[in-house]
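A.B. asks: give me the fold of what follows.
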Amino acid sequence: MSLLESLQIPLGTHITPFILKDPEGTVHTSDRLFGSKGLLVAFTCNHCPYAVAVWPRFIRLSHGAKELCINTVAINPNIHPNYPEDAPEKMTQKIKEWRIPFPYLVDESQEVARTFKAQCTPDIYLFNSHKKLVYHGRIDDSWKDESLVKQEELKTAITQLANEEKISSKQFPSMGCSIKWRN
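C.D. replies: The predicted structure is shown next:
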């Protein structure tokens, strides 16, 4: 396991449009995934301890975001033969086990992760209704132990976006296992 942080990507960057399938083969497009106020995107997986630790928080945040007209999508770029826990069949199991209420998509070619410059799992992006990046960072200040959380930066950014308030440009990178790139 190689620990990495997300890259600093300029706020205001436009989302790169994408088309991906979920593990059942249903096609999803970035344009159709957007809620009226925005889209929350997470590059994540099933096996990384950092991702697993924050999945419950991310799912809870997605419910609150949905109420604020911001949709959510998770994208798994770790489709790699050396990581069978991240295979699409295992994603289907996790969707049921964790009750994931939003699309969890397969980035088999890893091209979407590359265009987003995603580095780790989880790597989180929040886009406004104009498809511009307004937040790229961590969920909160304690990935490992939710009881120690003092700052919920992503939740704050979601609320500010929904209320058309200014989102702080001081954002802390997400950190997690490196994406398992195929050569």
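
A.B. asks: now do the SS call for residue 40.
C.D. replies: The three-state assignment at residue 40 reads strand, by DSSP: H, G, I helix; E, B strand; the rest coil.

A.B. asks: bridged to it, which residues?
C.D. replies: In this structure, residue 40 bridges to residue 72, residue 126 when assessed by DSSP bridges.

A.B. asks: wait, doesn't it sit right on residue 128?
C.D. replies: No. The criterion here is CB atoms under 8 Å, and residue 40 misses it with residue 128 at 10.9 Å. C-beta: built from backbone N, CA, C; applies to glycine.

A.B. asks: more neighbours, these two?
C.D. replies: Applying other CB atoms under 10 Å to residue 40 and residue 128 shows that residue 40 carries more neighbours, namely 26 against 20.

A.B. asks: ok, which stretches of the chain are helices?
C.D. replies: Using DSSP state H, the helices of the chain run over residues 30-33, 49-67, 88-98, 111-116, 153-162.

A.B. asks: as JSON lines, those helices with mean pLDDT and mean neighbour count would be great.
C.D. replies: Below are the helices of the chain laid out as JSON lines (pLDDT from 0 to 100; neighbours: other CB atoms under 10 Å):
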{"stretch": "helix 30-33", "mean pLDDT": "97", "mean neighbour count": "15"}
{"stretch": "helix 49-67", "mean pLDDT": "97", "mean neighbour count": "18"}
{"stretch": "helix 88-98", "mean pLDDT": "97", "mean neighbour count": "15"}
{"stretch": "helix 111-116", "mean pLDDT": "98", "mean neighbour count": "18"}
{"stretch": "helix 153-162", "mean pLDDT": "98", "mean neighbour count": "20"}
